[in-house]
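# Okay, here's the prediction I keep looking at, along with the sequence it came from:
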Amino acid sequence: MAGETEIDPSAPPMRAVGIRTQFGPNVIHDNLDFTVNQGEIVGLVGGSGSGKSVLMNTMLGLKEPEGGTIEYFGRDRNALAPEVRRKINNGMGVLFQGGALFSSLTVRQNIMVPMRENTDISQGLMRELADMKIHMVGLPPESAVLYPSDLSGGMKKRAGLARALALDPKLLFLDEPTAGLDPVGANAFDELILGLREAMDLTVLMVTHDLDSLYHICDRIAVLVDKRIPIADSLAVVSQYDHPWVKEYFGGPRSRAAIAAKETQSRETG
Ligand SMILES: Nc1ncnc2c1ncn2[C@@H]1O[C@H](COP(=O)(O)OP(=O)(O)OP(=O)(O)O)[C@@H](O)[C@H]1O
């Protein structure tokens, strides 16, 4: 197929190169570079309104940047053959803030939506696959027939995640996945992401304000400040980065508490 041989499977699954994003006169990203490597969990942090969600949508392909390119597997996505682009798109799952479930559909029906839109598998098989996803995200089997309004906040997130996993993605995008969860629920959700990464060989880009999540599950942390990502590295490196926002974010009391919690956890797990 034309174009298919042109992606490089050994190249990073996603790269933003020289991205410029602008809404009218409001420049959000300016010459922003950012790479997401195979198999890693990257946390994207930055102040409120710094452009994290817009960047996620741009990398997902929901928004075209005003300048620069997004590469998938080493290739400008706009140069990909339509079949290749569709295949890559189907390999992306996204959990939006709040789960974004269809309120008039049950959990199972919600999970079946992307299957119905993108595959021609039978209704029976779709149901079976949807129930498997429900199991994978740790929801009880009976939740399949519940409506979103019947679910707790944590269950909604899990249902949204199950739908994000519907097409067995390789790239998972999470927008504030633990927002609104209590610490126990948030920690359980973090563990779930770690387990799924192993089980499904996922690469994860996660927008988050949750310091515990950053410390617990992220391999690298990308910092979006001043319209760019000047640093994307391990927590140890990023937390020493010389920028006022970084100093405030990683040097504040909530950060110190999260570090202390992580150290306690590391000691307990040996
Ligand atoms: N469709 C749009 N039209 C105009 N401006 C927009 C649009 N979408 C986002 N913006 C602006 O872009 C900027 C970045 O928004 P974005 O939602 O990406 O921030 P964020 O870093 O995710 O913030 P938060 O942490 O508060 O969720 C904001 O100033 C926002 O008002």
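The structure has been received and is ready for your questions.

# Would you list the phi and psi of the most centrally placed residue in the chain?
With distances taken as Cα atoms, centre = their mean, the residue of the chain nearest its centroid is residue 173 (2.1 Å). Main-chain torsions, residue 173, degrees, to the nearest 10: phi -110, psi 130.

# Stretch 252-270 - what's its average pLDDT?
Mean pLDDT, computed over stretch 252-270, is 69.

# again with stretch 8-17
91.

# Over to stretch 92-102?
85.

# does the ligand sit close to it?
No. On the criterion Cβ under 6 Å from any ligand atom, stretch 92-102 is out of touch with the ligand, staying 7.8 Å away. In short, each C-beta sits where N, CA and C put it, glycine included.

# start to end distance for that stretch?
Its start and end residues considered, stretch 92-102 measures 19 Å (Cα to Cα, to the nearest Å).

# buried set for that stretch?
Of the residues in stretch 92-102, 92, 93, 94, 95, 96, 99, 101 count as buried by neighbour count, 16 or more other Cβ atoms under 10 Å.

# quick one: which two of the residues you listed are the most distant?
92 and 101 (18.1 Å; Cβ to Cβ).

# Near the ligand, which residues of the chain are found?
23, 28, 46, 48, 49, 50, 51, 52, 53, 54.

# Now do the contacts for residue 16.
Contacts of residue 16 were listed using Cβ atoms under 8 Å, 6 or more residues apart in numbering, and they are 32, 33, 34, 35, 55, 58, 59, 65, 68, 69, 70, 71.

# Inside helices: which ones of the residues of the chain next to the ligand?
52, 53, 54 (DSSP state H).

# quick one: which of the residues you listed has the most company?
Most neighbours among those, by other Cβ atoms under 10 Å: residue 52, with 21 neighbours.

# Can you say which of the residues of the chain next to the ligand are buried?
Counted by 16+ other Cβ under 10 Å, these give 28, 46, 50, 51, 52, 53, 54 as buried.

# Nearest to residue 159 among those?
residue 53 (20.7 Å).

# which ones are touching the closest one?
97, 175, 207.

# next one: residue 136
Neighbours of residue 136 in contact, by Cβ under 8 Å, 6+ apart: 162, 165, 196, 199.

# Check those residues for burial and list the buried ones.
Here, 16+ other Cβ under 10 Å leaves 162, 165, 196 buried among those.

# Which per-residue confidence value corresponds to residue 109?
95.

# Provide a list of residues in contact with it.
Residue 109 neighbours (Cβ under 8 Å, 6+ apart): residue 102.

# correct me, but residue 60 touches residue 93?
No. Between residue 60 and residue 93 there is no contact under Cβ atoms under 8 Å: 9.9 Å.

# Mutual contacts of those two, please.
By Cβ under 8 Å, 6+ apart, the residues touching both residue 60 and residue 93 are residue 173.
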